[in-house]
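1. structure of the sequence below:
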Amino acid sequence: MTTASNEIGKTLKQRRLSLELTLKEVAATSGVSSSYLGRIENGQRFPSAHILRKIAKPLGFEESELFTLANYLSPKPPVAESQAEHNAGQLDPYVARVLSQEPVEMQRTVTTILIVMKSMAALGSKTTTKSR
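-> Got it, this is the predicted structure:
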């Protein structure tokens, strides 16, 4: 299968493992069979938009994040994105400017990394809150 299948599969598997969920647990909450989810994670299948919608919530993704990762949606233009995220205190204007000069594939890669890091930070804060 294609590199895109491998990348989306790796991202989904990393998220599932970071949430300490089994394939069966994700399957039960999403309605997608565990065997099909396994094939997606292994890069043997590429998920349709319908499947991405079903697995987004159980894995803690926004649908638009998964659609962007799967290249169903283009990343938001970096300048507009940088202004919105900077206003929320998340992305430095210099970083956004540098990123906007990179090829689209690099922008997608960096966007993916930022999404995963944001999700991991959110998970970390939830874990900290639960342990208090």
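2. surely residue 65 touches residue 115?
-> Yes - contact criterion CB atoms under 8 Å: residue 65 and residue 115 qualify, at 5.2 Å. (C-beta placed from N, C-alpha, C; glycine too.)
3. hey, which helix or strand in the protein has the poorest pLDDT?
-> When the helices and strands of the chain are scored by mean pLDDT, DSSP states H and E, helix 78-87 comes last with a mean of 46.
4. for the chain, what spans make up the strands?
-> Using DSSP state E, the chain contains no strands.
5. for it, give me the ranges with low pLDDT.
-> For the chain, the stretches with pLDDT under 70 are 1-5, 75-97, 125-132.
6. outline the domain layout of it.
-> Domain ranges of the chain: 1-60, 74-132, per automatic domain parsing.
7. count of residues packed around residue 17?
-> A total of 11 residues lie near residue 17 under the criterion other CB atoms under 10 Å.
8. numbering from 58 from now on, please.
-> With 58 as the first residue, the last one maps to residue 74.
9. what's the spacing between it and residue 68?
-> Counting by CB to CB, to the nearest Å, the gap from residue 74 to residue 68 is 11 Å.
10. show me where this structure has its helices.
-> Here the chain has its helices, by DSSP state H, at 60-75, 80-87, 91-98, 106-113, 120-126, 135-144, 150-157, 161-188.
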